[in-house]
Structure formats: structure tokens, C-alpha cells
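K.L.:
I need the structure of the sequence given here:
(one chain, ligands or ions: 1)
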Amino acid sequence: MIKQDISFAGSNWVWLNGELVPWQDATTNVSTHGLNYGMGVFEGIRSYKTVDGRTGIFRLDSHIDRLFQSAEIYSLQIPYSKQALVDATLQVVKANSGGQHSNYIRPLCWFGSGISLMHRPVETAIIAWPWKINLPEERVRAGVRVAISPWKKIHHSMLPSTAKGCGQYLSSLLSVRHALMNGCDEALLLDASGNLAEGPAENIFLVKNGKLLTNDETSSILLGVTRASVIRIAQDLGIAVEIRTLTKEDLFAADEAFFTGTAVEIVKIKDVDGKQIGSGQTPVMEQISGVFHAVTSGVNRSYGDWFQLVPLDAETSPADVTEVAMANASD
Ligand code: PMP
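P.N.:
Sure thing, here's the model as predicted:
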């Protein structure tokens with residue numbers, strides 16, 4: 001039996017290939033193609049407990065759309081519809097503590113057992129666990145210390161950066177390890193030309209003279225859902241947004257710099273390779289993150305379609321399916 005790592009505590013049920021199974025039973029064979037070659041695609045999504053006590057999943061449709069786009073790029077045919085995976089995500093969040101806390105949600109699709117690339121079965125899982133943020137809280141307040149990675153981001157002519165493919169994350173892991181070994185919290189990867197790409201699991205934004213700057217897929221980045229949300233919030237606040245290639249000069253001359261991503265949400269960058277960014281004050285970032293947190297806590301409802309509520313017991317069928325699966329599993 002697989003022992004549950006402490007980081008997954010609270011994740012009691014996993015949706016695996018169409019049904020909810022207890023965490024310990026959500027396993028795959030060691031001959032799995034995805035394990036041997038990294039052939040799989042995934043998403044990272046967050047659910048939030050809102051002020052009215054409901055749990056909402058942030059931009060679930062956008063994440064499921066990107067999952068299917070990633071799969072399409074790798075010719076991996078997900079054997080479920082988008083709607084089925086939306087329902088399954090709601091179901092797994094509800095199954096784990098009735099959706100009573102904020103979760104990090106990980107849909108994952110991979111080529112199943114076998115060597116041949118063609119005609120592989122595609123397996124699908126959705127895991128949810130209560131994971132607040134993957135950085136120490138004092139760092140979130142003070143800003144993260146960042147190290148530029150000696151490993152560059154793989155150029156988008158080599159691997160499709162707009163796809164969230166499992167194997168692609170080896171470069172993220174190398175960059176994080178380097179950052180941690182050098183006393184930093186997070187890494188920044190440059191693209192093949194030496195311009196800014198992104199963090200290991202975050203997009204980067206700079207602020208210069210009140211204008212918000214970020215790059216796009218021509219800098220070999222994943223087009224983040226949080227990135228798109230931040231751009232939209234900034235535009236609604238009347239902040240000018242410029243999307244272009246960003247250089248190291250832009251970074252070190254910036255007034256503010258911050259990362260965005262589902263896991264870290266919006267986090268200030270304090271310094272990069274020991275050099276402080278700007279004065280240390282981040283008023284533009286705070287204006288944007290204030291709106292972002294008001295949206296994710298359910299206080300600001302002006303972005304209504306960004307939130308999908310986890311159904312209450314009486315509301316919908318996913319809950320019923322959950323109950324049946326749980327009853328079967330405990331038989
Ligand atoms: N870049 C990479 C490489 C990532 O893995 C992520 C996390 N999914 C992001 C950027 C940010 O994307 P999102 O805002 O959709 O989480």
C-alpha cells in the first residue's frame with residue numbers, strides 16, 4: 001500500500017478514469033508510458049472558500065480548455081468531454097471534506113502502460129488537496145528572493161511552451177533546485193536568447209513608470225490563466241499594459257516585479273541575484289492583487305464567470321455520483 005505523504009493530507013478521494021477511488025487506490029503500473037517518458041499533460045487549479053461559505057473553483061473552464069489544448073498539441077486523446085472533466089473536478093472537490101476548504105486541484109492525463117507511442121490508452125486523474133501556497137508566508141509578504149537559472153527555458157521550437165506537458169517540468173525542477181541551493185526562494189528562467197521567460201511555474205510582470213509589462217509565447221512561456229486575469233484586472237483599473245519581449249535590463253530597471261501563477265497567485269519579487277528591484281514598494285501590484293483577492297474570496301462579484309461554485313448537497317448530480325461512489329468504496 002502506498003503511504004500518503006503529509007503534503008497530500010486531506011486528499012481522501014481521487015477521481016481516476018471515471019470514478020472516485022480512495023487515495024491509496026489511485027495507482028498506475030510502473031510500465032506506464034507517462035512515467036517512463038514524461039508523456040502526459042496536466043493542470044493546476046485552485047478552489048477557494050468564499051465569504052458566504054461556498055466553495056468556488058477559479059476559472060475552471062479556462063484550465064480545462066488549456067488541458068485539452070495541451071493534449072491536442074501532444075496528440076493525446078482525452079477519453080472524456082470537457083464538461084465531463086468540469087463535473088469530475090467539482091465532484092472530487094466536494095468528495096474531499098465536502099469542499100469545505102480551499103484546494104489545489106491537479107487534473108492529469110497520461111499515456112498508459114506500454115512502449116509504443118501509438119495507440120496508447122490515455123488515463124485521467126484529478127487530485128485535490130488543501131495546499132495554500134507553496135512559499136513561506138513571510139516571503140509572500142516581503143517578496144521572494146529570486147535566482148536566475150543557469151538552465152534556460154527550452155525554446156518553443158524545441159518543445160511547445162504553450163502546452164503544459166509533464167516532461168517539460170524537468171527544467172523547472174532544475175531551476176528551483178539551483179535557486180534553493182543558492183539561498184533563494186524561486187527561480188527565473190531566461191529564454192534561449194537570454195531574455196526573460198518565466199518562473200518555474202509562474203509568469204512574470206514588471207512595472208515601469210506606472211505601466212504594466214509582460215511577455216508572451218514568443219518568449220517560450222506558458223500562457224497563464226492568472227496572467228490573463230491580471231491583464232484583465234489591470235485594464236479594468238485603467239493601468240496601461242504592454243506585452244513585449246522583456247530583457248534583463250528591463251527587470252533590473254523596473255519599479256516593481258512580480259510573479260503570477262495558480263500556486264503562488266500574485267507574489268512580489270524582492271530581489272534577483274541579490275539586486276533589489278525598485279524601491280521595494282509595489283503599489284501597482286498591490287492595487288491589482290487587491291482586486292484579485294477580492295474576486296477569489298467572493299467579495300468582488302464583478303467577474304462572475306470566473307468562479308464555478310461547488311454544488312451544495314441538495315443542488316446537483318455530481319454530489320449524488322460522489323455519494324454512490326463513496327458508498328461503493330466503503331463496501
Ligand atoms: N508558467 C508555467 C511554466 C507554469 O507551470 C504555470 C503554472 N500553471 C504558469 C506559468 C502560470 O500559469 P497559471 O496562471 O495558469 O497557473
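K.L.:
all helices for this protein, in order.
P.N.:
Taking DSSP state H as the criterion, the chain contains helices spanning 33-37, 60-73, 82-95, 137-142, 169-181, 225-236, 248-252, 283-296, 317-329.
K.L.:
Which residue is the nearest non-sequential neighbour of the residue nearest in space to the middle of the chain?
P.N.:
Geometric centre of the chain, nearest residue: residue 44, 3.4 Å, by Cα atoms, centre = their mean. Take residue 44 and drop its neighbours on the chain: the residue closest to it by Cβ to Cβ, 6 or more residues apart in numbering is residue 262, 4.5 Å away. Just so you know, the C-beta spots here come from the backbone N, C-alpha and C atoms, and that holds for glycine as well.
K.L.:
who touches that neighbour in this structure?
P.N.:
Counting by Cβ atoms under 8 Å, 6 or more residues apart in numbering, residue 262 touches 44-46, 58, 63, 104, 224-226.
K.L.:
Try it again at 6 Å.
P.N.:
Listed by Cβ atoms under 6 Å, 6 or more residues apart in numbering, the contact partners of residue 262 are 44, 46, 226.
K.L.:
Tell me the spacing between it and the ligand.
P.N.:
3 Å (Cβ to the nearest ligand atom, to the nearest Å).
K.L.:
quick one, phi/psi of that residue?
P.N.:
Dihedral angles of residue 262 (phi, psi; degrees, to the nearest 10) stand at phi -60, psi -40.
K.L.:
follow-up on the earlier one: okay if I get the helices of the chain as CSV plus mean neighbour count and distance to the ligand?
P.N.:
What follows is the helices of the chain, written out as CSV (neighbours: other Cβ atoms under 10 Å; distance: least, Cβ to the nearest ligand atom, whole Å):
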stretch, mean neighbour count, distance to the ligand
helix 33-37, 18, 17
helix 60-73, 19, 7
helix 82-95, 22, 15
helix 137-142, 12, 16
helix 169-181, 16, 6
helix 225-236, 20, 3
helix 248-252, 16, 17
helix 283-296, 19, 11
helix 317-329, 15, 24
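K.L.:
can you redo the ones you listed as a markdown table with distance to residue 15 and mean pLDDT?
P.N.:
Formatted as a markdown table, those follow (distance: least, Cβ to Cβ, whole Å; pLDDT from 0 to 100):
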| stretch | distance to residue 15 | mean pLDDT |
| --- | --- | --- |
| helix 33-37 | 17 | 93 |
| helix 60-73 | 13 | 98 |
| helix 82-95 | 4 | 96 |
| helix 137-142 | 30 | 82 |
| helix 169-181 | 22 | 97 |
| helix 225-236 | 21 | 98 |
| helix 248-252 | 40 | 98 |
| helix 283-296 | 23 | 97 |
| helix 317-329 | 9 | 38 |
